[in-house]
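[1] dropping the sequence and predicted coords here.
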Protein chains: 2
Amino acid sequence: MAVTIYDVAKAAGVGIGTVSRVLNDNANVSAQTRRKVLDAIEALGYKPNFMARNLSRAQLRTVGVVLSYLTNPFQVAVLQGIEQTLSQAEIDLIIFNLDSQDRRIALLESLSEGRRSDGLIVISFSLPTTFIERFRRYNIPVVVTDNQDAHLPSVFVDNIYGGYLATSHLIRLGHRRIAYIQDHFKAPNGPDGNWPGLDRRRGYTKALLEAGIDVDLSLIHEGDGHSRRRGWETASALLSQPAPPTAIFAASDMLALGVMEYAQSQAIRIPQDLALVGFDDIELASFAGLTTVRQPMHQMGSEAARMVVELMNGNSLTEHYRELSLELIVRNSSGTPQAIRS
Amino acid sequence: MAVTIYDVAKAAGVGIGTVSRVLNDNANVSAQTRRKVLDAIEALGYKPNFMARNLSRAQLRTVGVVLSYLTNPFQVAVLQGIEQTLSQAEIDLIIFNLDSQDRRIALLESLSEGRRSDGLIVISFSLPTTFIERFRRYNIPVVVTDNQDAHLPSVFVDNIYGGYLATSHLIRLGHRRIAYIQDHFKAPNGPDGNWPGLDRRRGYTKALLEAGIDVDLSLIHEGDGHSRRRGWETASALLSQPAPPTAIFAASDMLALGVMEYAQSQAIRIPQDLALVGFDDIELASFAGLTTVRQPMHQMGSEAARMVVELMNGNSLTEHYRELSLELIVRNSSGTPQAIRS
DNA sequence: CTGTTAGCGCTTTCAG
DNA sequence: CTGAAAGCGCTAACAG
């Protein structure tokens, strides 16, 4: 068996309480005793046992990240931000992937029971109220990103403004027939669908109306499926309509990339024949020379992480909601190398 | 306080041992008793406590994934594969990111102590022998992916063959001045550099020699840095040489994408003016219409996961090394929509 | 300042 | 088949 705190205590000629104290930098230990203990630890090669420590402390120093698609660049970027600030705080990150719809409830179920992590960060997802309640009861903090939840601390952007930004850019360019396309419409963002997407659409509508352009429902496509493929399909449908759009605002870069592929396959030039604006600014947007609305994905993650950590430490939040800002990135379709971010 | 096994035992009128047995599907419980216990559990809303269970069992049902870049699509793809098979086995996945070189040792240090996970999967990385030794002593299995380690179970591909595949494709196309470029040369793949990269270069050399083409060292560029940017820079350097290559084999798709960007900025057409082959087949390769050598990234992850789980269960491996196969994917530079994988 | 004593909640012998 | 009891290794009062 491994060496335990008892072995150390015996070797150092002290009680286990004292050993525990030096382990946890408790002030009340004389320098001399501390030395002895430290020496014994060193000599025996003692390593504290995480599990025993966890049980005693009733916490794990672990936060779970619940995400719906590990394949989604946006979510991975947010994850990066989370990882970074969590590792600084010496907190472990455990991933809960919700790929299949049916596993969702089961996972949430098992997360709310048994305390598998001390805190939770949910990406692009909206928690059923029963679970919010349950997490609260078990006293495990949850913060939401990419979605402003009425009951949970959230980190988000102003998606209405984002949609407005993208659309008015297109309008400024002279377009009047502008399509709006969106994916992941119903799933996995909870029963009410993709809220950020709905907001982007609101911003889109707002921009159109302000410019005196009527909203043409035949130019709005919302549906589910693999983003890139959907982008391709939607572009195909849209552009073979009797009155096709001259510009498309895609609610995600992946969707926009799919549109670009379709355009390319049809020798439709972007932006000459078809203007296009995406959303997110994933790394490949700059490769593709895609004009897009940049979300501070990394920052969304780190802010969320900061918030759960605060909450886990028993502190209350200075701000329940954290809104981050959006930025329109205009590119010409030949991605300039200067656009590469390191 | 939360409801414990004692409460259940009392409510069901049995001993805690019996409750534990039904919790763990131990056979030796009468159907009747089981029912009573189950009912009590239901009635009280009892949820077993993970930490206590862990302490008793002396294991966490958790595997850690050590990776060097959460920003690297290849590594994320492997991670997806891992996540998938792990979640099927109901094992939690915790991420250890090694972004900064200096944190590497510290992390390994803390991983080998204290048992923060029951098993480890290392992606694109080679463990210092001292740590291999340590993990062995603590009896925590480690499996390596994207690298064949002399001392650890590994999942990998034949990178020499991969390099050969890519290069001979280019030769078949009539090219004789073929460059080889590679990134992440020294870091983070251990003190000996990027082994997969070295092997790809060997395959490259082999193909050239077989075709009777001399190896021109001025056409081989290896270095470190952000892949896309490096691809751009290297292409720039290579193509402004007195005797530029007519084809480039890039050891990763990201690098190749950087090359494409440079080419585009200079109005160099691919493949007409410059042939290009990448490596990995990340999702965006099909978008870019990039010919590449496909690695079964997802499978690499799932195989590795399967292996650690085996090991964690105390079983020995039927095969210490698992070699997966490579495939050349030829594309024309206008990525056809059919190439989109779902 | 420091040793001792209770647990943390569960699994696992060990007797019946 | 089942109850009782003994820890798992550590933290956290509690007396000195």
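    Looks like it came in fine.
[2] strands of the stretch 201-342 of chain A, start to end?
    A:220-222, A:247-250, A:275-280, A:292-294, A:321-324, A:327-329 (DSSP state E, counting those that start in this stretch).
[3] from residue B:98, how far out is the closest residue to DNA strand D within the stretch 201-342 of chain A?
    Closest residue of the stretch 201-342 of chain A to DNA strand D, CB to the nearest atom of the strand: residue A:314 (12.5 Å). For glycine as for every other residue, the C-beta is placed from the backbone atoms N, C-alpha and C. As judged by CB to CB, to the nearest Å, residue A:314 and residue B:98 stand 31 Å apart.
[4] between these two, which one's more packed in?
    The residue with more neighbours, out of residue A:314 and residue B:98, is residue B:98; 23 against 8, by other CB atoms under 10 Å in any protein chain shown.
[5] can you give me phi and psi for that one?
    Main-chain dihedrals, residue B:98, degrees, to the nearest 10: phi -110, psi 40.
[6] quick one: the closest residue to residue A:163 other than its chain neighbours from residue B:274, how far?
    Leaving aside its chain neighbours, residue A:163 sits nearest to residue A:203 (2.6 Å; criterion: CB to CB, 6 or more residues apart in numbering or on different chains). Look at residue A:203 and residue B:274: by CB to CB, they are 42 Å apart.
[7] likewise residue A:175?
    Distance from residue A:175 to residue B:274, by CB to CB: 35 Å.
[8] same thing with residue A:151?
    Remark: distance between residue A:151 and residue B:274 (CB to CB) = 56 Å.
[9] which one of the two has more residues nearby?
    More crowded of residue A:151 and residue B:274, by other CB under 10 Å: residue B:274, with 23 against 13.
[10] burial count for the nearest residue to the more buried one once chain neighbours are set aside?
    In space, and not counting its chain neighbours, residue B:274 is closest to residue B:268: 5.3 Å by CB to CB, 6+ apart. By other CB under 10 Å, 15 other residues sit near residue B:268.
[11] what of residue A:330?
    Neighbour count of residue A:330, defined by other CB under 10 Å: 9.
[12] contact partners for the closest residue in space to it that isn't next to it in sequence?
    Nearest residue to residue A:330, sequence neighbours excluded (CB to CB, 6+ apart): residue A:291, at 5.0 Å. Going by CB atoms under 8 Å, 6 or more residues apart in numbering or on different chains, residue A:291 touches A:169, A:271, A:276-278, A:328-331.
[13] give me the distance between residue A:291 and residue B:307.
    45 Å.
[14] name the SS class of the nearest residue to residue A:12 once chain neighbours are set aside, please.
    In space, and not counting its chain neighbours, residue A:12 is closest to residue A:40: 3.8 Å by CB to CB, 6+ apart. With DSSP: H, G, I helix; E, B strand; the rest coil as the basis, residue A:40 sits in helix.
[15] quick check: residue A:40 touching residue A:16?
    No - at 11.7 Å, residue A:40 does not count as touching residue A:16 under the criterion of CB atoms under 8 Å.
[16] more crowded one of these two?
    residue A:40 (21 against 14).
[17] does chain B sit close to stretch A:307-315?
    No - applying CB under 8 Å from any CB of the partner chain, one finds stretch A:307-315 out of contact with chain B, separated by at least 15.4 Å.
[18] give the buried residues for that stretch.
    For stretch A:307-315, a neighbour-count test (16 or more other CB atoms under 10 Å in any protein chain shown) marks A:307-312 as buried.
[19] avg pLDDT for stretch A:277-291?
    In this model, stretch A:277-291 carries a mean pLDDT of 95.
[20] want to throw the buried residues of stretch A:307-315 into TSV with pLDDT?
    Below are the buried residues of stretch A:307-315 laid out as TSV (pLDDT from 0 to 100):
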residue	pLDDT
A:307	97
A:308	96
A:309	95
A:310	94
A:311	94
A:312	92
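[21] what is the nearest of those residues to residue A:109?
    Taking CB to CB as the measure, residue A:109 lies nearest residue A:308 of the buried residues of stretch A:307-315, at 20.5 Å.
[22] so who does the nearest residue to that closest one once chain neighbours are set aside touch?
    Of all residues not flanking residue A:308 in the chain, residue A:119 sits nearest, at 3.9 Å (CB to CB, 6+ apart). When contacts are counted by CB under 8 Å, 6+ apart, residue A:119 is found next to A:63-64, A:140-143, A:308-309, A:311-312.
[23] show me the one of the strands of the stretch 201-342 of chain A that comes nearest residue A:9.
    Nearest to residue A:9, of all the strands of the stretch 201-342 of chain A, is strand A:321-324, at 46.1 Å by CB to CB.
[24] per-residue confidence for residue A:127?
    So residue A:127 comes in at 86 (pLDDT).
[25] and the residue in the stretch 101-250 of chain A positioned nearest to DNA strand D, how close does it get to residue B:65?
    Residue nearest to DNA strand D within the stretch 101-250 of chain A (CB to the nearest atom of the strand): residue A:118, separated by 13.8 Å. Look at residue A:118 and residue B:65: by CB to CB, they are 20 Å apart.
[26] for those two, indicate the residue with more neighbours.
    Taking other CB under 10 Å, residue A:118 and residue B:65 do not tie; residue B:65 has more neighbours (27 against 23).
[27] would you agree the more buried one is in contact with residue B:94?
    Yes - contact criterion CB under 8 Å: residue B:65 and residue B:94 qualify, at 7.3 Å.
[28] which residues do those two both contact?
    Common neighbours of residue B:65 and residue B:94, using CB under 8 Å, 6+ apart, do not exist here.
[29] which parts of the stretch 51-200 of chain A are helices?
    Per DSSP state H, counting those that start in this stretch, the stretch 51-200 of chain A carries helices over the ranges A:73-88, A:101-112, A:129-137, A:159-172, A:195-210.
[30] show the pLDDT at residue A:3.
    Listed pLDDT for residue A:3 reads 87.
[31] residues in contact with it?
    A:44-47.
[32] domain parsing for chain A?
    Domain ranges of chain A: A:5-48, A:60-156+A:297-323, A:159-295+A:327-334, per automatic domain parsing.
[33] isn't residue A:307 right up against residue A:321?
    No - applying CB under 8 Å, one finds residue A:307 not in contact with residue A:321, separated by 10.1 Å.
[34] now for those two: what residues contact both?
    A:153, A:155.
[35] point me to the residue of the stretch 101-250 of chain A nearest chain B.
    Residue nearest to chain B within the stretch 101-250 of chain A: residue A:113 (3.5 Å; CB to the nearest CB).
[36] how near is that residue to residue B:41?
    Residue A:113 is 11 Å from residue B:41, by CB to CB.
[37] what do you get for residue A:149?
    31 Å.
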